[in-house]
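A.B. asks: Mind folding the following:
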Amino acid sequence: MSETITYSVPGMSCGHCRAAIRAEVSVVDGVESVDVDLDTKLVCVTGENLDDTTLVAAIDEAGYEAVRA
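C.D. replies: Numbering: from 1, shown residues only. You can find the predicted model right below:
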């Protein structure tokens, strides 16, 4: 069964930010979709057996700090 985890990523501001985060997070095991909302500064990750630590590391790899919302 799919679950959704939401992260606050205050450093996001443009399309490049969205693309970088999507690229890193979408390759994490179990991830089905990544929704990046620049207005609310939220990243919603949907998938199965999601690992919080791995997702935060993927967002960090894209160059942004994330906190679970």
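A.B. asks: What is the burial count for residue 62?
C.D. replies: Residues lying near residue 62 (other C-beta atoms under 10 Å) number 21. Every residue, glycine included, has its C-beta placed from N, CA and C.
A.B. asks: In contact with it, which residues?
C.D. replies: 17, 20-21, 23-25 (C-beta atoms under 8 Å, 6 or more residues apart in numbering).
A.B. asks: out of these, which are buried?
C.D. replies: Among the contacts of residue 62, those classed as buried by 16 or more other C-beta atoms under 10 Å are 17, 20-21, 24-25.
A.B. asks: quick one on the thing from earlier: how about a markdown table for the contacts of residue 62, with distance to residue 57, secondary structure and pLDDT added?
C.D. replies: Below are the contacts of residue 62 laid out as a markdown table (distance: C-beta to C-beta, whole Å; DSSP: H, G, I helix; E, B strand; the rest coil; pLDDT from 0 to 100):
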| residue | distance to residue 57 | secondary structure | pLDDT |
| --- | --- | --- | --- |
| 17 | 17 | helix | 96 |
| 20 | 14 | helix | 98 |
| 21 | 12 | helix | 98 |
| 23 | 14 | helix | 98 |
| 24 | 9 | helix | 98 |
| 25 | 10 | helix | 98 |
